[in-house]
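Novice: Structure, please.
(chains A and B)
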Amino acid sequence: MTLTAPVTRKRSALTKGQLPGYAPYVVLAVALVLGAAILALIGFNVLSWGVVSAILFTVGLVSWSGAVEGARKAKDKLATCLVVGAFLVALLPLVSVIWTVLVNGIPGIITPGFLGTSMNGITGTLDNKSVDEGTRVLGGVYHALLGTVQITLLATVISVPVGLLTAIYLVEYGNDRPLARAITFFVDVMTGIPSIVAGLFAAAFFFALVGPGTKTGAVAAVALSVLMIPVVVRSSEEMLKIVPNELREASYALGVRKWRTILKVVIPTAISGIASGVTLAIARVIGETAPILVTAGFATSINNNVFGGWMASLPTFIYTQILNPTSPSNPGPSDQRAWGAALVLIILVMLLNLAARLIARIFAPKAGR
Amino acid sequence: MSKRIDVKDLNVYYGNFLAVEGVNINIEAKSVTAFIGPSGCGKSTFLRTLNRMHEVLPGARVEGEVLLDGDNLYGPGVDPVTVRTQVGMVFQRPNPFPTMSIRDNVLAGVKLNNKKISKGEADALVEKSLRGANLWNEVKDRLEKPGSGLSGGQQQRLCIARAIAVEPQVILMDEPCSALDPISTLAVEDLINELKDQYTVVIVTHNMQQAARVSDRTAFFNIAGTGKPGKLIEFADTTTIFNNPAQKATEDYVSGRFG
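Specialist: Below you'll find the model as predicted:
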């Protein structure tokens, strides 16, 4: 019996060369310095510094890795750099938008009375005075906020039943019939309708139905519904489709009728997805400007009646404040109000998205033991 | 509380495709009947015609008669929903309703049909059904927990409890143990033996030992080739099928010399 002596080697046969853990940081630092140096020659600005440094970082890290770790690891590093780069490029506009709106919007939104007062009685003279004397900017978005909430709520009340019932027809009863295929086709077409066309449609419809010049919140709600219904149909359809057929069969096998199966098994199983789809559809239309411009007009005072009179909304408020400042000689206060309204709108959309997540979590089937 | 099933010259179609041809079979009340045969021979398809679940699929239809104690399931004016309350079904994969608790799953047949039931009656029905499915002791302390949190074998027994809670005459089982481990399989097989006292049980299985263990009578289905319809080859007492089959194909299949 012979004992084999343990093989003594300096390095394991199973490993190759490895970059030290601090390698990316070193390369990043070198790339930043080098990038700054190169740009100092041709004129410095932050954006091109970032781009040049990113290219230098990628080239440096990949070639170092190729020299030490071999081709496979180098390709891996290259792919990582590209993916991270794409992520940063996608993130840049988002961060920039949020930053700009925050910086410009916060002075507006913290002005006392901004959320609680309307633009009723706010004239150019008042704006001029506040600029000249340095007093606070008067006027606010209360009427616009109220209008946005009312119009969107009414649009939701119209769209959700229509959209959900359409989706139920398509998934549960459609069976690829000509009617179902036609509906699917037209829903796809509706998804692509420019929002101004939806606005013109609603305006023309009510002009013909009620009388020329009919501009109310309800007309705007109909216009928004035209945009919202296809989104609700599509998302609900997808959610209903992923309910396993086994659940429907289990219900049928218990002697439950089809409509009860849909109502009590299929919809409850899909409700979290449907609810978050609806919330996202609301978030999608709440910022629409063009259709509201042609259907609800502008208003500077509070209008509580969605069925009568012109109505303001946050997007149209922003639009008019920027395009036609209350005081043409001193647009500053109008700008401040517009940015404040933009911030309010973004916060509203963000709250809706949070609500969607919350709804999805509340309704999701629980899997505890 | 069980009925017999007599099938006369049944042809089953998917659209224009004849899937199962010319089945004649008599299933006794309060017995366990097993359907065996190779994959794709139409056992499950035929089973689904026994409670009109077959026609849930688009284009599916049947010709012939299925008599439940003499009443034709496919007679004019027969409501498939009524048929399914009399002939329950347990599926291959356990499929408890994910939105419902264990208790609500058992009561699903009652609640989904909006029948009024008092809390006391409901509690009694839940206990009776879960005891009937040998699951009561395992879940009695967590009836309000979701049914999807149970193990696979427990879920399948929950599905059986759900099926017997509506008090059917016949219970159809489509490979109820194929997704279960041997211990859960044993639990379900024991249960089938107990169910036989009250219900007519029809079970499709790929496992010939299982057919031999649980069934009184066995039906062997076979298919001549791809695209041909499946046929009932032989139907006899289980001992006969496994020990002394009349047909050569049956003997080849049960002895493993198939093909």
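
Novice: any idea where the strands of the stretch 101-250 of chain B begin and end?
Specialist: B:170-174, B:200-204, B:217-223, B:230-237 (DSSP state E, counting those that start in this stretch).

Novice: Out of those, which is closest to chain A?
Specialist: When the strands of the stretch 101-250 of chain B are compared by Cβ to the nearest Cβ, strand B:170-174 sits nearest chain A, at 8.3 Å. (C-beta placed from N, C-alpha, C; glycine too.)

Novice: Enumerate the positions of the closest one that are buried.
Specialist: Within strand B:170-174, the residues scored as buried using 16 or more other Cβ atoms under 10 Å in any protein chain shown are B:170-174.

Novice: which one of these sits closest to A:Lys73?
Specialist: Nearest to A:Lys73 among those is B:Asp174, at 51.5 Å by Cβ to Cβ.

Novice: wait, doesn't that closest one sit right on B:Thr205?
Specialist: No: using Cβ atoms under 8 Å, B:Asp174 is not in contact with B:Thr205; the gap is 9.2 Å.

Novice: Distance to chain A for the buried residues of strand B:170-174 - can I get that in JSON lines?
Specialist: Shown next, in JSON lines, are the buried residues of strand B:170-174 (distance: Cβ to the nearest Cβ, whole Å):
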{"residue": "B:Val170", "distance to chain A": "12"}
{"residue": "B:Ile171", "distance to chain A": "10"}
{"residue": "B:Leu172", "distance to chain A": "8"}
{"residue": "B:Met173", "distance to chain A": "11"}
{"residue": "B:Asp174", "distance to chain A": "10"}
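
Novice: Which two of the residues you listed have the greatest separation?
Specialist: With distances taken as Cβ to Cβ, the most widely separated pair in the buried residues of strand B:170-174 is B:Val170 and B:Asp174, at 13.3 Å.

Novice: picking up where we left off before, would you convert the strands of the stretch 101-250 of chain B into a markdown table that also reports mean pLDDT?
Specialist: Output for the strands of the stretch 101-250 of chain B, formatted as a markdown table (pLDDT from 0 to 100):
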| stretch | mean pLDDT |
| --- | --- |
| strand B:170-174 | 91 |
| strand B:200-204 | 93 |
| strand B:217-223 | 90 |
| strand B:230-237 | 90 |
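
Novice: Kindly reformat the ones you listed as CSV containing distance to A:Ala204.
Specialist: Listed next are the strands of the stretch 101-250 of chain B as CSV, based on distance: least, Cβ to Cβ, whole Å:
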stretch, distance to A:Ala204
strand B:170-174, 57
strand B:200-204, 61
strand B:217-223, 63
strand B:230-237, 61
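
Novice: any idea how far A:Ala218 is from A:Ile292?
Specialist: Counting by Cβ to Cβ, to the nearest Å, the gap from A:Ala218 to A:Ile292 is 12 Å.

Novice: meant to ask about A:Leu154
Specialist: Taking Cβ to Cβ, one finds A:Leu154 at 12 Å from A:Ile292.

Novice: more crowded one of the two?
Specialist: Applying other Cβ atoms under 10 Å in any protein chain shown to A:Leu154 and A:Ile292 shows that A:Ile292 carries more neighbours, namely 32 against 19.

Novice: Is it correct that the more buried one is in contact with A:Pro315?
Specialist: Yes: the criterion here is Cβ under 8 Å, and A:Ile292 meets it with A:Pro315 at 6.4 Å.

Novice: what kind of secondary structure is A:Trp64 in?
Specialist: Under DSSP: H, G, I helix; E, B strand; the rest coil, A:Trp64 falls in the helix class.

Novice: Around A:Leu345, how many other residues sit close by?
Specialist: By the criterion of other Cβ under 10 Å, A:Leu345 has 23 neighbours.

Novice: swap that for B:Leu143, please
Specialist: A count of nearby residues for B:Leu143, using other Cβ under 10 Å, gives 18.

Novice: and whichever residue of the stretch 1-150 of chain A sits closest to chain B, how far is that from A:Thr300?
Specialist: Of all residues in the stretch 1-150 of chain A, A:Val149 sits closest to chain B, at 31.3 Å by Cβ to the nearest Cβ. A:Val149 sits at a distance of 18 Å from A:Thr300 (criterion: Cβ to Cβ).

Novice: So, low pLDDT: which residues of chain A?
Specialist: Low-confidence segments of chain A (pLDDT under 70): A:1-11, A:365-369.

Novice: same check, this time on the stretch 151-259 of chain B
Specialist: B:258-259.

Novice: Would you mind listing what in it touches chain A?
Specialist: Within the stretch 151-259 of chain B, the residues that sit near chain A (Cβ under 8 Å from any Cβ of the partner chain) are B:159, B:162-163, B:166.

Novice: Mind checking which of those residues are in helices?
Specialist: Among those, the residues falling in helices (DSSP state H) are B:159, B:162-163.

Novice: residue ranges of the helices in the stretch 101-250 of chain B, please?
Specialist: Counting by DSSP state H, counting those that start in this stretch, the stretch 101-250 of chain B has these helices, from start to end: B:102-106, B:108-111, B:119-132, B:136-139, B:152-165, B:182-195, B:208-214, B:238-243, B:248-254.

Novice: Using a markdown table, lay out those together with distance to A:Met228.
Specialist: Output for the helices of the stretch 101-250 of chain B, formatted as a markdown table (distance: least, Cβ to Cβ, whole Å):
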| stretch | distance to A:Met228 |
| --- | --- |
| helix B:102-106 | 34 |
| helix B:108-111 | 34 |
| helix B:119-132 | 41 |
| helix B:136-139 | 44 |
| helix B:152-165 | 39 |
| helix B:182-195 | 48 |
| helix B:208-214 | 54 |
| helix B:238-243 | 61 |
| helix B:248-254 | 59 |
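
Novice: export the ones you listed to TSV and tack on mean neighbour count?
Specialist: Converted to TSV, these look like this (neighbours: other Cβ atoms under 10 Å in any protein chain shown):
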stretch	mean neighbour count
helix B:102-106	26
helix B:108-111	22
helix B:119-132	16
helix B:136-139	16
helix B:152-165	25
helix B:182-195	17
helix B:208-214	19
helix B:238-243	18
helix B:248-254	18
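
Novice: so which of the ones you listed gets nearest A:Leu164?
Specialist: Here helix B:108-111 is closest among the helices of the stretch 101-250 of chain B (Cβ to Cβ), at 22.7 Å.

Novice: For whichever residue of chain B sits closest to chain A, which non-adjacent residue is spatially closest?
Specialist: In chain B, no residue comes nearer to chain A than B:Thr85, which is 3.3 Å away by Cβ to the nearest Cβ. In this structure, B:Thr85 finds its nearest non-sequential neighbour in A:Gly255, 3.3 Å apart by Cβ to Cβ, 6 or more residues apart in numbering or on different chains.
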